[in-house]
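Chemist: no sequence on hand, only this structure:
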């Protein structure tokens, strides 16, 4: 079943076409990676899918419904969540509070019951805290539950951001370079987390430069170059594709 469908998606910044007539589909329950050289338009695609940018042309469909132009908070309520290339962590909060921020869509947000701390609100808040602790343990950050977020090592912060995204209960999770800046051990930890997420039936779109990770965990790979689709296929097809090799290494290579 197709969960996400992108049709002739385009985004222009002035006279520059960052994404140009891009179409692709993502099947439910898969890990679908998007790769390409620097400046290929990978993060712009994620920003268009998640409502950070409005497309200049084209459309995005989630579960068959057109969601183009919807703001990120509405898309989050529809089951779409993401992480960012540059960490978006609240350093003035604890690690657990950061994850609980992602849970607010699933809580009772009515003003009066929250102010008066009705028993049902208290129970749901406690359940949310327990669930967020479970998610921290799931991504390997359980020992940091009571720690200030600012004190966490960089690799743990990357996984903490994934836990916060999971707290929204997404059916589609978009990860923008989750292994960027990590050492080999930290990259393996993120690799393992992504596999665990997919094993739970959550669809993953991964943008990543770590080709070992991409080739090892992807069901399908989309290759971009200059904002356009260069090719798409299974990992072994992509690894041997001459146009992909030329885009990364140069035609002479």
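Modeler: Structure received. These numbers come from a predicted model, not from an experiment. Numbering: from 1, shown residues only.

Chemist: where does the stretch 101-250 of the chain dip in pLDDT?
Modeler: 107-122, 249-250 (pLDDT under 70).

Chemist: in the stretch 51-200 of the chain, which spans are strands?
Modeler: Remark: strands assigned in the stretch 51-200 of the chain by DSSP state E, counting those that start in this stretch are 57-62, 65-66, 80-82, 172-176.

Chemist: how many other residues sit next to residue 146?
Modeler: 8 (other Cβ atoms under 10 Å). C-beta coordinates here come from the backbone N, C-alpha and C atoms, glycine included.

Chemist: thinking again about what came up before, comparing the strands of the stretch 51-200 of the chain, which comes out most buried?
Modeler: Highest mean neighbour count among the strands of the stretch 51-200 of the chain (mean count of other Cβ atoms under 10 Å): strand 80-82, with a mean of 26.

Chemist: distance to residue 155 for the strands of the stretch 51-200 of the chain - can I get that in JSON lines?
Modeler: Compiled in JSON lines, those are given as follows (distance: least, Cβ to Cβ, whole Å):
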{"stretch": "strand 57-62", "distance to residue 155": "31"}
{"stretch": "strand 65-66", "distance to residue 155": "37"}
{"stretch": "strand 80-82", "distance to residue 155": "19"}
{"stretch": "strand 172-176", "distance to residue 155": "14"}
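
Chemist: from residue 7, how far out is residue 23?
Modeler: 5 Å (Cβ to Cβ, to the nearest Å).

Chemist: of the strands of the stretch 51-200 of the chain, give the one that comes closest to residue 39.
Modeler: Among the strands of the stretch 51-200 of the chain, the nearest to residue 39 by Cβ to Cβ is strand 172-176 (14.8 Å).

Chemist: so what does the closest one touch, helix or strand wise?
Modeler: Packing partners of strand 172-176 (3 or more Cβ pairs under 8 Å, 6 or more residues apart in numbering; DSSP states H and E): helix 42-49, strand 80-82, helix 154-166, strand 203-207.

Chemist: what pairs with that strand, parallel or antiparallel?
Modeler: Here strand 172-176 is paired, per DSSP bridges, with strand 80-82 (parallel), strand 203-207 (parallel).

Chemist: next, the contact list for the residue nearest to residue 235 when sequence neighbours are not counted, please.
Modeler: Using Cβ to Cβ, 6 or more residues apart in numbering and skipping the chain neighbours, the partner closest in space to residue 235 is residue 215 (4.7 Å). Residues near residue 215 by Cβ atoms under 8 Å, 6 or more residues apart in numbering: 235, 238, 239.
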